[in-house]
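Asker: Dropping the sequence and predicted coords here.
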Amino acid sequence: MTLLQVRGVTRRFGGLTAVDAVSFDVHEGMIKAVIGPNGAGKSTLFNVLTAFDRPDEGSVLFDGADLTTMRPHLIVRAGVARTFQNTQLFEEMSAEENVLAGAHAVTRTGFLAAALRMPWTVREERDAAEEARRLLRLVGLGEWASTPAADLPHGLRRLLEIARALATRPRLLLLDEPAAGLNSAETSALAEALYRIRDLGVTIVVVEHDMGLVMEVSDEIVVLDRGRKIAEGPPRIIQKDPGVIAAYLGEEDVSDEF
Amino acid sequence: MRRTRIASAIVVLAMIATAFTGCAGSNGASQPDDAIRIGAVLSLTGPYAGLGEPERRAIELEVERINAEGGVNGREVEVLFEDDGTDEARAVAAASRLIEQEGVVALIGASGTGQSMAMRQEAERGGVAQVSLAGGSVITDQFNPWVFQTPWPNRVVVPFILGEMRAAGVERLALIADSGGYGKDGRDATMAVIDRFGMEVVADEQFNRGDTDMTGQLTKIRSAEPDAILMWAAGAEAATILKNHDSLTGMDVLPVYGGPGNARVELLEGAGSAAEGFQLAAGHILVPEAYGPGTEAYEVATGFIGRFTDRYGVAPDIFAGHAYDAIHLLVDAMRRLPEEFTSSDLRDELERTEGFVAVGGTFTFTPTDHNGLSEDDLSFYRVVDGTWALAGEAR
Amino acid sequence: MGTTELLQFALAGLKNGSIYALVALGFTLVYAATGVINFAQGEFYMLGGMLSVWAYADLGLPLPLAALVGVAATALVGIVFELTAIRQRKDGDPLALIIITVGGSMLLSSLARHLFGPNERALPLFSGGGNVSVAGAVLEVQTIWIVGITAVSVAGLWYLYNRTALGRAMRACAVNRDAARIVGIDTRLMVTVSFVLAATLGALAGLAVTPLTQTAFDVGPSVGIKGFAAAILGGLGNPIAAVVGGLVLGMLESLSIAFISSTYKDAIALIVLLGVLFVRPQGLLGRSGREKV
Amino acid sequence: MRRDARTLLPYVVVALVAVAVLTVPLLTADRYLLRVLTFVGVNVIIVTGMALLFGYAGQVSLGHAAFYGIGAYASAYVVVELGWPWLAGVLTAVLVTAAGGLLLALPSLRLKGHYLAMATLGFGEIMRVVFTEARTVTGGPDGRSGIPFPSVGEWTLDSAGANYWLVWGAAVVVLVLAANLVRSRPGRAMRALHGSESGAMACGIDLVGLKVRVFVISAALAGFAGALYAHVVGFISPSTFSLHVSVLLVAMAVLGGSRSLAGPVLAATVLTMIPFADAVIPGLSRSALETIQSFQEDIYGLTIIGVMLFVPGGLAAALRRVASPRGRER
């Protein structure tokens, strides 16, 4: 079943067309990657998908609803979660509290109920805390639960942000360059986490330019170059696609090889 | 690391301790020694500090003299000063402290109208007479049996000025007043009686404390073609208005009138030549001859002016005069009372004051009038060669 | 409303606007170097007048020298305040620094009351005062001094900002303090310089206006607010914007006196300011700092 | 989190302080001290709102003295002019200021930091003009006097002790509700908003709804405190609700430290007590008192600078260091 349909998304900044009529589908339960050299429009597309930016044309249908018309927090409640290229964690909160904050979308305690400390809010809080600890263990941060986010090393911060995104119980998880700045050990830990998340039935779209990770984990890959989709398909086909190689390695090298 | 942790612990515990050690109660009840205690709540800091300082100096000067001459029936008079910092909440707290902890028999204060109004509930509940030094009419308009007022209220001063203006042939009047209590009070008093004088207000402008320029308002006044301008301002802005007025073409033919709030040497210094010809009404203290040489009032005033100038090197202003009146009215009433008296006895006796000659004028209180001053206690002045000179056609 | 009246209101607006512009420049400079709104800027304005009167009346110096001493002394106060209070806050957290300047403004105004007494004090008009008529409207010579001093200050600041190494360093700090530090700019020195300039500009405004309005220990806050509003109206961080903000605010007040009522001139000016902020959240000339995610 | 003795410590301390606060009127009948501590209670209620708005949600406001004023005038007007009972006056004050908070939340949706500070400052200054000019409601610059004491039915609270209990009882209730709030989902949402708006959006937090709620609550608390103040003191005037007061409220919140209620409450207590130092330092000689009063502004300024320089995280950090000297628990 097609979970996400990206239809002709175009985004222009003044004269520059950052994203030019990009369309692709994402099927439920798969890991789809969006790759492309720097400046290919990956982040711009990502921001449009998560309604942090509005497209000039096109639509993004998730389960039939057009995400581009919804406000960001409603998209999260519809089941689409995201992470950020430069992690947007709550520095003074502990890892567990960060994930608990992620559970905001799926819990109900309001201002009045919280102020009066109604019994059901205490129960909801306890259950949410357990869920948060489970998610931390899922991404391998079990023993860092009470450490403030500010004190976590870079690699763990990315995993924490993923755990926080999972706390919103998403059906679709959008990752913005999760491997950026990770060493090989951290990258393989990330890959492990992605597999475990997919096995939970969460569909993943990852925007990335770390070819190693992409080739290893993705079921399908979309390749962008200068804002246009130049290829789409499984990793082994994409690897050999001349257009993709040209886009990555630049024109002249290819020509003297043939 | 350990050292700072202990230090911060001490800091925090100290704060909590000071905040609540008070509950041990520092309410040393007023020891019944022989001194008669009078409370004085004045604005010694904050925007009205310019009023509180001369008021305090006058009271200190006079209490020394009173005690030197045997005090009241042999008992010394002690005045306890509290600073309200030109803030209503602190005036209330100071009043309740003086009544509760210091057991004062009467309260002098406050310097400002707002603070005076805030204190009256404390005075009433404590059963203690309050003699306010502020000029707001509301203090004695909204009558309270416990509250008295020594300055000339605006409801007395304004008709006096309008009388002078009419005598000088003014019919179209322009008003410029500050947006504070004093300015509004003057404006209301004017609007209330303007018709009685067959005059008409053709412009009604306003400015705020701290404004740096009033040429806009004066230009608007000029286009309303008034015969004269009535300025109701107490602070530094008065000098600015006079200077702006002096510089605008066609304005110099428009005389400017003012009230007691302008009877300050700072106005003369600040306005300089622009003050020439400025006319205002105030007590006789500005030019003692106004009391009438040889009269008791003249002796009282010149005596006070002499002592004040010797002690502080500067002549007393009207605010010092109001404070002088307050302390002497209380002492005079106390001298008419037997040795032992309660604060409510003092109130009743104060209310029976009649024809008491003081600096601000001759006070006669009645059960319905707790100010007791009239136009006779006012003089009309004009600024000539940089100083006040007696003027006024009607006088 | 004849043209001479209109011109008179415009001149009044120009005069007040110049004062607000000078004070606003002080706000913008400190903001650019530290990200901090300096609540003591109003006090620098007050001290400019007060210390000049002290030099003139108490020390008996001739007016020009007294003015120089007054402004220099205020600049010194700016340095001492920055070194003893602002710089001691090691992490330079803007929020804490703002509250430190709030404490500073209380301290400075109270010290002024202790030293110079509670009453207002005056300075004679520069060059003997008098007026000049401009197409029927009157322009006080002192106003020419005020507008002149503002113009010279702005020109001097523009030259410093654009034509000197120090100015380039300050602009670098304004854009990105960390990047500036990396390329070897002593950002702490820049903070001190910004406070000295802010104190000097505030003092010049106070000095120029005191002959007309006198000065007292508590005149700081009311003009401080106007300066802050002007800096925001123009757009924080940009010196030219601060001057534009100041002049526009001055004109707004004058025109609201002329056409509506003097009672509500401050309220009207603020309502317009709120309107501008609603349409352009970064002020008239400010760059829109969109938060890049 | 295991419920061992150490985690119960904060609750025990808070309960002890609450009990101590509520028994003060039994320990002393000194009206002056009770009145001063009542002022502290009023400020504690406002600062609780400021702590939520500023310390937790990171939204700055330089206009909250205006809500303090709106609450006071609203209650005074309906009780004195329209003859409503006191409780109706307080309710009116809370509702009117809540609506005001809604209005002031609008700029916060578009503006941040200093620009939001200026917008709220502008609102405060506009309200000060309204307080001065709307004479039928506010009594103009001379303010409104003769505001009756709080009363329920025929039972009137006119003694200093009764007023103390009323204000501090309300303060304790407000603090308990606020303490519950900040340790729960909405509290975390506020801290998330303060930490990173984008991060909060990614957690499904409705920033607009949250900012509006936090502005409404903090405004309503200030209005509630205003209603209490008006009836306890009996006189209000525009100068009580000036920008200077708004700035002091922010200073108390910052001195108190962020993400804490105890810090700002302690800061409010200390800063409110400075002008009344003589109430707490027993046996103060008159001349000492007069010097303190004449240097009161200086002491105020030095205290603010001192805490900001030598207690970096604000009083909250100092309290946390005291509460958990060994554990690294933040």
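Answerer: That came through, no problem. From a predicted model like this one, the values you see are computed outputs, not experimental measurements. Numbering: from 1, shown residues only, chains lettered A, B, ... in the order given.

Asker: Please name the spatially closest residue to residue 53 (chain neighbours excluded).
Answerer: The chain I'm using is chain A. residue A:47 (3.8 Å; C-beta to C-beta, 6 or more residues apart in numbering or on different chains). All C-beta atoms are positioned from the backbone trio N, CA, C, and that covers glycine.

Asker: Let me rephrase: I mean chain C.
Answerer: residue C:121 (4.4 Å).

Asker: before we move on, the earlier item: assumed the residue nearest to residue A:53 was part of a strand.
Answerer: No: counting by DSSP: H, G, I helix; E, B strand; the rest coil, residue A:47 falls outside a strand, being helix.

Asker: which helix is the longest one in chain D?
Answerer: In chain D, assigned by DSSP state H, the helix with the most residues is helix D:207-233.

Asker: Is that helix positioned near chain B?
Answerer: Yes: contact of helix D:207-233 with chain B (C-beta under 8 Å from any C-beta of the partner chain) involves residue D:233.

Asker: Also stretch D:287-306?
Answerer: Yes: Stretch D:287-306 lies within reach of chain B by C-beta under 8 Å from any C-beta, at D:290, D:293-294, D:296-297.

Asker: now stretch C:126-138
Answerer: Yes: counting by C-beta under 8 Å from any C-beta, chain B is contacted by stretch C:126-138 at C:131, C:133, C:136, C:138.

Asker: ok, and what's touching that stretch?
Answerer: Residues outside stretch C:126-138 that contact it (C-beta atoms under 8 Å, 6 or more residues apart in numbering or on different chains): B:215, B:247-249, C:3-5, C:7-8, C:10-11, C:63, C:139-142, C:144-145, C:211.

Asker: same thing but at 7 Å, please
Answerer: B:247-249, C:4, C:7-8, C:11, C:139-142, C:145, C:211 (C-beta atoms under 7 Å, 6 or more residues apart in numbering or on different chains).

Asker: which one among the residues you listed gets closest to residue C:111?
Answerer: residue C:211 (23.4 Å; C-beta to C-beta).

Asker: And the residue nearest the centre of chain D?
Answerer: Nearest to the geometric centre of chain D sits residue D:46, at 1.6 Å (C-alpha atoms, centre = their mean).

Asker: how much space between that one and residue A:57?
Answerer: 51 Å (C-beta to C-beta, to the nearest Å).

Asker: Find me the pLDDT at residue 222, would you?
Answerer: By default, I'm working from chain A. Residue-level confidence at residue A:222 comes out at 91, pLDDT.

Asker: please go with chain C instead
Answerer: 90.

Asker: Can I take it that residue B:376 is in a helix?
Answerer: Yes: assessed by three-state DSSP, residue B:376 belongs to a helix.

Asker: Tally up the residues packed near it, please.
Answerer: 10 (other C-beta atoms under 10 Å in any protein chain shown).

Asker: same check, this time on residue C:65
Answerer: As a burial measure, residue C:65 scores 12 neighbours (other C-beta under 10 Å).

Asker: Not counting its neighbours along the chain, what's nearest it?
Answerer: Spatial nearest neighbour of residue C:65, chain neighbours left out: residue C:55 (7.3 Å); criterion: C-beta to C-beta, 6+ apart.

Asker: Low-confidence ranges, chain D, go.
Answerer: Low-confidence segments of chain D (pLDDT under 70): D:1-7, D:325-330.

Asker: re the thing from before, I'd like to know how many residues surround the residue nearest to residue A:53.
Answerer: Neighbours of residue A:47 using other C-beta under 10 Å come to 20.

Asker: quick one: it from residue D:198, how far?
Answerer: 10 Å.

Asker: Ok, residue A:224 next?
Answerer: Between residue A:224 and residue D:198 the computed distance is 23 Å (C-beta to C-beta).

Asker: Which one's more surrounded, the two?
Answerer: The residue with more neighbours, out of residue A:224 and residue D:198, is residue A:224; 25 against 18, by other C-beta under 10 Å.

Asker: and the more buried one, bridged to which residues?
Answerer: For residue A:224, the beta-bridge partners under DSSP bridges are residue A:229.

Asker: so it touches residue A:34, yeah?
Answerer: Yes: here residue A:224 reaches residue A:34: they are 6.5 Å apart, a contact under C-beta atoms under 7 Å.
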